[in-house]
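Novice: Quick one, what's the 3D model for this:
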Amino acid sequence: MSDSSRDKTTQPPLPARPLPTSPVAPWNITARQVRGESDLPVETTFHYDPEDPWAVRVTFRLSLGQVVDWTFSRDLLRSGTRVLSGEGDVRLWPLRCGGREGRVRLRLGQAGAYAMVDVDRAGLRNWLATTYAVVPEGEEAARIDWAAEASRLLTGP
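Specialist: Down below sits the predicted model:
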């Protein structure tokens, strides 16, 4: 066996550039912030950028013009539509109230200083399905521009 036939790998190289992507329309809803026995409407927008394929950003527009952004794992949000998911500052779980398919409750923040927000479960599941149609599960890494990420890490802030 010659030296040239040894040590060859059969793995395909990573693409030089990320695959082209289609945009995903933001999902705008009125969520409900749970406070004791009452709840308050909170205008909420879910954003997905295929160039950051593992993340979903959620913008909550609170009263008095305050805006709060949270970033979640897309897989965590999907899991939270089915079972209790997350740990620490972020916990999600399905509720069987509030419509035919129920809601998903998001508990955000540390113990003693957290907010709870309910969103429509069917709507969240449908919107997440559009993100998985654009970037299927397991294909996220092909969407990252690894050369740009390496350059950013090496050049510093």
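Novice: contacts for stretch 120-139?
Specialist: 19, 21-22, 24-25, 27, 29, 46, 48, 50, 53, 56, 74-75, 77-78, 81, 94-95, 98-104, 143 (C-beta atoms under 8 Å, 6 or more residues apart in numbering). From N, CA and C alone the C-beta is placed, and that goes for glycine too.
Novice: how close does residue 96 get to residue 114?
Specialist: Note on residue 96: its distance to residue 114, by C-beta to C-beta, to the nearest Å, is 22 Å.
Novice: Compare the two (neighbour count), which wins?
Specialist: When neighbours are counted by other C-beta atoms under 10 Å, residue 96 and residue 114 differ, and residue 114 comes out ahead with 13 against 10.
Novice: residues touching the more buried one, list them.
Specialist: Applying C-beta under 8 Å, 6+ apart, we find residue 114 in contact with 89, 107-108.
Novice: can those residues go into CSV with extra columns for pLDDT and distance to residue 152?
Specialist: Output for the contacts of residue 114, formatted as CSV (pLDDT from 0 to 100; distance: C-beta to C-beta, whole Å):
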residue, pLDDT, distance to residue 152
89, 94, 26
107, 96, 33
108, 96, 28
